[in-house]
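S.K.: Based on what follows, work out the 3D shape:
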Amino acid sequence: MSGKFETRLAELGVSLPDAAAPAANYVPFVIVGNMVHVSGQLPAADGNMVLGKLGADLDVDAGAAAARRCAINLLAQVKAACGGDLDRLERVVKLVGFVNSTPDFGDQPKVVNGASDFMVEALGDTGRHARSAVSAAALPFGVAVEIEGLFQIRP
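M.R.: Numbers count the residues shown, from 1 in each chain. Here you go, the predicted structure:
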């Protein structure tokens, strides 16, 4: 049986993927008390990643779509951290978005809105969060966006 958050995701046409395994010497998430710190998630879906640099290869809409993919992958990690019960999620506390962008590109916040908007659309007030959106000269594998998050959960 699906909980309220997964029911809402299904209404949006979103099914969470299996949580991705780390690509290096780190863990995908760390639980400290009732806080889940999720490592940076990439814009991957069905074995494909959104690659490119904002301001050169991609426009804001493409970047926001990539950030949305990151948000879906963040929720997959939270679900794994919650033993499969996403309804243990109490609050998205903070997202930190890194945008692979040219030196003159200044719309990092508009790109990361793809993740922020998705969190609120999928989770309602639970998805409202603090946030940072910063430029990066390059990101792993040449991806467009990487987003990490901090989440509050029930025991």
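
S.K.: Counting neighbours, what do you get for the closest residue to Gly3 other than its chain neighbours?
M.R.: Nearest residue to Gly3 in three dimensions, chain neighbours excluded: Asp87, at 3.6 Å (Cβ to Cβ, 6 or more residues apart in numbering). C-beta: built from backbone N, CA, C; applies to glycine. Using other Cβ atoms under 10 Å, Asp87 has 16 other residues around it.

S.K.: Compute the distance between Ala20 and Met49, please.
M.R.: As judged by Cβ to Cβ, to the nearest Å, Ala20 and Met49 stand 11 Å apart.

S.K.: Quick check: phi and psi at the residue nearest to Gly3.
M.R.: The phi/psi pair for Asp87 (degrees, to the nearest 10) reads phi -70, psi -10.

S.K.: wait, what's in contact with it?
M.R.: Asp87 is in contact with Gly3, Lys4, Phe5, Glu6, counting by Cβ atoms under 8 Å, 6 or more residues apart in numbering.

S.K.: Tell me which entries of those lie within helices.
M.R.: Lys4, Phe5, Glu6 (DSSP state H).

S.K.: Tell me the one among the residues you listed nearest to Asn113.
M.R.: Proximity of these to Asn113 (Cβ to Cβ) peaks at Phe5, which lies at 20.6 Å.

S.K.: Excluding chain neighbours, what is closest to that closest one?
M.R.: Computed as Cβ to Cβ, 6+ apart, the closest residue to Phe5 that is not its neighbour in sequence is Leu86, at 4.6 Å.
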